[in-house]
Structure formats: C-alpha cells, structure tokens
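# predicted model and sequence below, questions to follow.
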Amino acid sequence: MSATIANTVLTSGGLNVTYRAAGDRAVLIEYGPHSPVDLNVNFLVHAVARHVNSHPVRGLLEVVPGLRSLLVYYEPSVIGQSEVVSAVEECHQQMPEPSSLVLPSRRVRLPIAFDDSASREAVNWYCVSTRPDAPNVVDGNNIDYIVACNGFSDREHFYATVMETEWWNAFTGFYAGLASLLPLDPRCEVVAPKYNPARNWTPEGAVAFGGPCLVVHPIESPGAYQMFGRTLPISSLMPGPRTHRIDPTLLHPCDRISFFRTTEQELLELRRQVFEGRYDYDIEPGEFSVAEHTASTRADEIATEVARRRATRDAALETVRIP
C-alpha cells in the first residue's frame, strides 16, 4: 500500500509536490526531486511554512520545515487528511512567485577555533573505543579527510572556504537545536561522507560536515559528521541574565551564519563569558531577498567557477576511502 496521498505541480515554477501520509496525525509534503540539494526549494519550503503559520487553519497544529519538505501535524478529529492537502494547496495558490520571495533572516556571527582539542579528543575516543581503522581519521583529526574529499590544496584553503560565505539555516532536526546549514555562495560547497559507525560522543559546540551540510552541535551527543572546529554554545537550557533569547536555541530557521577565526584559547575565554552571562551574541535582524541572491550567484564567471570546483571535488572523492 502506497503512502502517497496526492501529486500536484505548483503553478508558479512548475515544481512537483508529493503528499505522503506520515502516521495518522501528519502529512509529509515533498517538493521537487530528492537531489541535488536546491536552495531555491528550501527558500520556498520556509515561505510556505511561514504562510501557513500566519494564516491559521482550524485543526492544523504545527508545520515543521525540512530541507525540501514540510511535515504538517493535524488533529484528525477536527480536520481530515484530504482537507489538510486542500489547505496547503490553497496556500500554494496564494504564494508569490518563488523568485520574488523575501524572508525574515537574521545575520549571526560566530567565532570558530579550527582543529580544537575537544574535537580531537572525540576523534581519539572513537578510534580507541569503536573503529581503530577509520579511514576518515588522519593524524588524529577529521580535517585532513575533509580536505582530501574536496580537493582543497591544504587546510588553510578549506578554512578560508568556510569563512568566505554565509551559511543558510536550511532546517533544524534529528534533535532539538541541531541546525543544518548550507552555503549561500555555491562556490563554497563542501561535502564529506559520514562516520560509519557513528561516534558515541561529540562535544557541545563542535562544528562538522556531513554530506553537503554544516552543523553546530548544541549539546554533547552521538554524531556522524566530520568535525573540524568548535564555536560558542548555541543552546541555553537554563535562562540567565543575558541569555541570547527566550527560546533555548540560538539559531532560527532562515538565519545566515558567518564564522570568524579565533584561537582555541580565545574561544575558551569567550565560552567562559557565555556561561557567566557576560557575552553578547552578534545578531543583526534583517531580510533575505531571493531575487538579490539569485542575481548575485548566477553570473557566468560564478557558474564557471562552481562547475570547476565541483569537478575537482568529484575527482577527489574518487580517490578517498568511504567509511
């Protein structure tokens, strides 16, 4: 028995939309093909989520945006599955052209210490306790593996790539506060195969790559992404005198995150200030224009550079061992 409820096509943009049953209290809505990752689809997903939230429908309880999907929870005693589909379809009809979307979007600047001791400790513990022959561990770190996977000339080339772009908070999932970020500059795409098997421990604040996504770990947890640095806490379960916001997680959907380099000693001092309630996070409110983004990334010279970098990365991936 198929879980598919309906298939439609957006009148603006011609994107395929698939509705699937997700248990008896939710509908999963998927936009476009499974791959490749398309930021424009993610922009649309967040716009639809915001539109549904700002135009409440009786019986719809919660809308959760994903990378290219929406999970819509509903109360079946109030609204039926087919009515959920109709309500979202009506939302689609009211949406502006995807290319003209403007989304609320804050800028968040975070310090990063590359090749930090906490990440190295997690890598070492993994080798001792789980997989001594892990191909993604080179000289006690994951950084050199990321460099090899992407064809970077050296570590500094990789570090510069991370800091050259703003990172779009595409979705939060797997556990509370774990934001998955994608580069807004397509020339800064980085990919990395995941651990196999996963780590038992990842330090809070670790910054890591898995597939095309960059994540910042909000809590100590298991993990499978390749770690390369550490930043400030992005989760605050205990409110303090200068907590970053009422919500315990720092990063909002559609935030644009940028990183600036610091030493580990400097980072530890900044983290101390956070825990003591003396640190002010660098957050700037604003908006994100899809049209402006498209205009800035579609130039011929950028497209040529993106194609060159992807070819280099594809060739590099052929030469490395996958965990």
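On my side now, so go ahead. Since this is a predicted model, take the numbers as computed values, not measurements.

# pull the number of nearby residues for residue 76.
Number of residues near residue 76 (other Cβ atoms under 10 Å) recorded here: 12. Any C-beta I mention is one placed from the backbone N, CA and C, and that applies to glycine too.

# what sits against it?
For residue 76, the contact set (Cβ atoms under 8 Å, 6 or more residues apart in numbering) comprises 24, 25.

# again with residue 211
Counting by Cβ under 8 Å, 6+ apart, residue 211 makes contact with 191, 192, 193, 194.

# of those - the most surrounded one?
Counting neighbours by other Cβ under 10 Å, residue 192 leads those with 26 neighbours.

# just the helices in the stretch 1-150 of the chain please.
Ranges of helices in the stretch 1-150 of the chain, per DSSP state H, counting those that start in this stretch, are 39-54, 81-94, 117-129, 143-150.

# now, of those helices, which is deepest in the fold?
Among the helices of the stretch 1-150 of the chain, the stretch with the highest mean neighbour count (mean count of other Cβ atoms under 10 Å) is helix 143-150, at a mean of 22.

# just checking, what packs against it?
Contacting helix 143-150 under the criterion 3 or more Cβ pairs under 8 Å, 6 or more residues apart in numbering; DSSP states H and E are the following elements: helix 155-164, strand 226-230, helix 300-317.

# and the next helix or strand past the second one?
Right, strand 226-230. strand 256-261 (DSSP states H and E).

# that next one packs against which elements?
Applying 3+ Cβ pairs under 8 Å, 6+ apart, one finds that strand 256-261 makes contact with strand 107-114, helix 155-164, strand 167-172.

# repeat that for 10 Å
Counting contacts by 3 or more Cβ pairs under 10 Å, 6 or more residues apart in numbering; DSSP states H and E, strand 256-261 packs against strand 107-114, helix 155-164, strand 167-172, strand 179-183, strand 213-216, strand 282-284.

# partners of that strand, with directions?
strand 107-114 (parallel), strand 167-172 (antiparallel) (DSSP bridges).

# out of these, which comes closest to residue 79?
With Cβ to Cβ as the measure, strand 167-172 is the member of the strands paired with strand 256-261 nearest residue 79 (24.7 Å).

# so which of the helices and strands packed on strand 256-261 gets nearest residue 58?
Residue 58 lies closest, by Cβ to Cβ, to one member of those: strand 167-172, at 26.4 Å.

# export only the CA atoms of that closest one, formatted as PDB.
Taking C-alpha atoms only, strand 167-172 is exported to PDB below (Å, rounded to 0.1, in the frame of the first residue of the first chain):
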ATOM      1  CA  TRP A 167      25.600  29.700   5.900                       C
ATOM      2  CA  TRP A 168      21.900  29.400   5.500                       C
ATOM      3  CA  ASN A 169      20.000  27.600   8.300                       C
ATOM      4  CA  ALA A 170      18.000  25.300   6.000                       C
ATOM      5  CA  PHE A 171      16.400  23.100   8.700                       C
ATOM      6  CA  THR A 172      16.600  22.000  12.300                       C
END
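
# roughly how far apart are the spatially most central residue of the chain and residue 47?
The centroid of the chain falls nearest to residue 180 when counting by Cα atoms, centre = their mean (1.7 Å). Distance, residue 180 to residue 47, using Cβ to Cβ, to the nearest Å: 18 Å.

# ok, now residue 96?
From residue 96 across to residue 47, the span is 8 Å (Cβ to Cβ).
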